[in-house]
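Asker: Quick one, fold the following:
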Amino acid sequence: MRIPRRGRKGSWTRETVDGMPLYWQQAPGPFAASVLFRVGAADETLPKYGLSHLVEHLAFFPIGPVSFTANGFVQELFTVFYAVGEQPEVLECLSSLCRNLSDLPLDRLETERRILTTESASRTPGTRERLLDLRFGPRGFGLTSNEEYGLRTATVEDVEGWANERFVKGNAAVWMTGRPPDKFDLELRAGARSPAPMPERRPRLELPSHIAWGSGGVSIGMVAERSSALSAGFTIVVQRAEERLRRALGLSYNVGGHYEPLEATTAHLLLGADCLDENADKVQRELMGVLEELAATGPTKEELTEVRDERIRAAAEPLNAGAWMDYGVRDELLGAEVLSGEEVVARADALTPEEVAAAIAACLPELIVLAPGGTTRPRKLKIHQEKDPEPVTGPRRYTDPTDKQTYFITDERGVTLYRAGELPATVLFAECAAALRFSDMRVSLWSLDGAWMEIAGRYLVDGAELIRWVLDQIPPEMVVPMEDVQTRGSMLDLYVEKTAGHGRPNEYNALLEALHPGERLEDLYALKAYRRRGLLAITDRRLISFWGNKKGDQLAMAETAIADLRWARVEPTTNLAQGRQYFLVHIREGETLKFGGFTPRSRAHDFGRRLEELTRSGEA
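Answerer: Predicted coordinates for the structure are as follows:
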């Protein structure tokens, strides 16, 4: 239902469509429209991160291929659907999307889960995501640098419930670059606005801080109160930094900044410049100097005039209509003051140097400086995340029998790991963002302060008891099943289990180097023949064997593709003198493989059974 026009905001008109804000303005170019929902990654937890992404994909699936531009994406605070083309097709697309949100094709969940897992595997967190993680940890605004664990944990009920709660009329707003038709409506469920989550920094994080990690540039993250003075001041900071680092000193190619709201009154700012690592100290000094200078003396009259003129040009450009409305819609959904382009210009025109200086000065206590490894930390900056929680003092100790100085202590507060020559590491259960369960004998705990702890029960006295105790202290919804994921740790567990008492460490290390990206290790066999020792591995792609001398320092590798075994003929045989079973595998005429020397001998039976499975798979 359309409600009569409430009035104009500068160049656009704001109306209400069945309880939803609708902004529209006539603009040149193709018709564009967008529906935004006040829900995103920051509303999720680490174990459920990816829920909004699943909803967005499921809503789009019934639309199918279209001849115009239509897409969606999920950010920290918003899920956005948009389309560009002819007005009837664009509005019908958005209307269909909203209908789909009320009746998601949940039978498609597993397929979309696989698609998004593939997409996630190719995504690498950028500097912005790293700085948000360094400030907020693996929750809220810091989630986007992490894996979308919700893609593996989300159930049909989770996805449907999330859509019903968050993708509703009261939590949505619309903008379009043209007058809406009289009968325009979006069929969404009724529901309330979801307030933006409050930004919560990592526990025990002391700022301003510095971390030397990575390569290729220096970046500075800041948080401050949103204002016209802050926006103008940051624009001037970026301009001064570019003038110094690129034009004057020639140390950087790209110098830039990013300003984004975190909620109605708070913004996150990113200032960065690329550089060679050997120039990082100079670039870091210049960036810090630009911020401190503007905070101390403020901008010049000419700089303020330039900022105002830039705002005037942006507000007057008709092609910016969609961007201005998008910004206004977002602020309305956040509960912030909505400003038109004309109002932004007026506030910029009224700014004083003192207001801008104060806004930038307020950023300095909140700095996080991320610089390449080896960069010198300025004395005024603290070591990032230097403080750890107090170690727990529980009565139970779980010790590595091969190293008595490595042990875990637990109590109702958490778990502490002690190692010789290292400070104790502690994860508190109350600060556990997620527990990744790889098996009944291996779990990784992820703390809100960014630390993680791996507990490998197989190598501890009563290790299974420790794993059970830890998982009992963590809410079930915070546990992420990872049994299908293979890591170096889980491969080591398999190696120890399958070659117990007959380890082949050199051969095992060579195997790790030989595995292809994504190749999954399925079984291992220790081998021995005369003065030679070996290791045979079955993966999802190959049979790989390594043979070496008694010392294991001269290794020979052989491999066979699993596909070549599909139609092979297996001939079991026994060496009567040694009492050992061997297998002759006839792959094709003139090519026969021999596998034997299994240690212990009982493992030959296991290998024979696996060979039978592999060769039978080709009978169809």
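
Asker: so Ala537, which of the three states?
Answerer: In three-state terms, and counting by DSSP: H, G, I helix; E, B strand; the rest coil, Ala537 is strand.

Asker: what's the neighbour count on it?
Answerer: If you count neighbours by other CB atoms under 10 Å, Ala537 ends up with 25. The C-beta positions use only the backbone N, C-alpha and C, and glycine is treated the same way.

Asker: what's the answer for Pro88, then?
Answerer: Using other CB under 10 Å, Pro88 has 10 other residues around it.

Asker: hang on, it is in a strand, isn't it?
Answerer: No: going by three-state DSSP, the assignment for Pro88 is helix, not a strand.

Asker: In this structure, which helix is the longest?
Answerer: Scanning the chain for the helix with the most residues, using DSSP state H, yields helix 280-297.

Asker: List the contacts of that one.
Answerer: With contacts defined as CB atoms under 8 Å, 6 or more residues apart in numbering, helix 280-297 is touched by 217-218, 220, 233, 236-237, 240-241, 244-245, 249, 251-252, 271, 273, 275, 353, 356-357, 360-361, 363-364, 367, 369, 371-372, 374-376, 378.

Asker: Tell me which of these fall in strands.
Answerer: Assigned to strands by DSSP state E, the following of these qualify: 217-218, 220, 271, 273, 369, 371.

Asker: Just give me the closest of those to Trp567.
Answerer: Lowest distance from Trp567 to these (CB to CB) belongs to Gly217, with 54.3 Å.

Asker: Contact partners for the closest one?
Answerer: Contacts for Gly217 (CB under 8 Å, 6+ apart) come out as 127, 252, 272-275, 280, 283, 372.

Asker: and if we set it to 6 Å?
Answerer: Contacts for Gly217 (CB atoms under 6 Å, 6 or more residues apart in numbering) come out as 272-275.

Asker: how about those residues in CSV, adding pLDDT?
Answerer: Formatted as CSV, the contacts of Gly217 follow (pLDDT from 0 to 100):
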residue, pLDDT
Gly272, 98
Ala273, 98
Asp274, 98
Cys275, 98
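
Asker: and which of those residues is nearest to Pro21?
Answerer: Nearest to Pro21 among these, counting by CB to CB, is Gly272 at 34.1 Å.

Asker: correct me, but the closest one touches Ser219?
Answerer: Yes: counting by CB atoms under 6 Å, Ser219 is a contact partner of Gly272 at 3.8 Å.

Asker: what sits in contact with each of those two?
Answerer: Thr127.

Asker: coming back round to it: turn the ones in strands among the contacts of helix 280-297 into CSV, columns for distance to Tyr459.
Answerer: Below are the ones in strands among the contacts of helix 280-297 laid out as CSV (distance: CB to CB, whole Å):
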residue, distance to Tyr459
Gly217, 40
Val218, 41
Ile220, 42
Leu271, 45
Ala273, 45
Val369, 38
Ala371, 37
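
Asker: Of those, which is the nearest to Phe184?
Answerer: Checking the ones in strands among the contacts of helix 280-297 one by one against Phe184 (CB to CB), the nearest turns out to be Leu271, at 41.9 Å.

Asker: Let me see the contact set for that closest one.
Answerer: By CB under 6 Å, 6+ apart, the contact set of Leu271 is 220, 257.

Asker: per-residue pLDDT, it?
Answerer: In this model, Leu271 is scored at 98, pLDDT.

Asker: Check the one 5 residues further on too.
Answerer: Predicted confidence (pLDDT) for Leu276: 98.

Asker: Now do it against Thr376, distance only.
Answerer: Distance of Leu276 to Thr376, given as CB to CB, to the nearest Å: 15 Å.

Asker: low-scoring pLDDT stretches of the stretch 201-350 of the chain, where are they?
Answerer: Within the stretch 201-350 of the chain, not a single segment meets pLDDT under 70.

Asker: now the chain
Answerer: By pLDDT under 70, the weakly predicted segments of the chain are 1-10, 550-553, 575-579, 616-620.
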